[in-house]
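>>> can't give you the sequence, but here's the structure:
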Ligand SMILES: [Zn+2]
């Protein structure tokens, strides 16, 4: 029913990198770069909205451990950490997960860079105030 739960309970194969009581890190089988890793909570949470705060803390700590392993073992000093929540945001497995994507010089992962560099929405100061006033408590 959930492929990541199947990985956790051993029903599905995975390439485990790191594991502790509440989290698991394993290789993404559809990697976009060499060493692309997923970090998940062992308990099923659909996305950020249903995620338990303490477990979320454990997940990000495991992400950090994974970045250290990538640095130590693969010499990676640059990573993107990406988390998608919901269908419109391109979440495809509905068990919370964070992508740790190693970056290398000239790796042609332009779509990630483009997102930051070339796709700013055009917005004026009035919009900023409007958004701030809607969001803040
Ligand atoms: Zn699951």
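In hand now; what should we look at? Everything numeric here is computed off the predicted structure, so don't read it as measured data.
>>> check contacts around residue 46.
94-96 (C-beta atoms under 8 Å, 6 or more residues apart in numbering). The C-beta positions use only the backbone N, C-alpha and C, and glycine is treated the same way.
>>> of these, closest to residue 21?
Among those, residue 96 lies closest to residue 21 (C-beta to C-beta), at 16.5 Å.
>>> how about the closest one: what's its closest non-neighbour residue?
Leaving aside its chain neighbours, residue 96 sits nearest to residue 45 (4.5 Å; criterion: C-beta to C-beta, 6 or more residues apart in numbering).
>>> returning to what we had before: of the contacts of residue 46, closest to the ion?
residue 95 (3.4 Å; C-beta to the ion).
>>> confirm that closest one sits in a strand?
No - going by DSSP: H, G, I helix; E, B strand; the rest coil, the assignment for residue 95 is coil, not a strand.
>>> how many neighbouring residues does it have?
Around residue 95 there are 20 other residues, counting by other C-beta atoms under 10 Å.
>>> over to residue 16?
For residue 16, the count of nearby residues is 11 (other C-beta under 10 Å).
>>> how about residue 7?
Using other C-beta under 10 Å, residue 7 has 20 neighbouring residues.
>>> helix, strand or coil for it?
Per three-state DSSP, residue 7 ends up helix.
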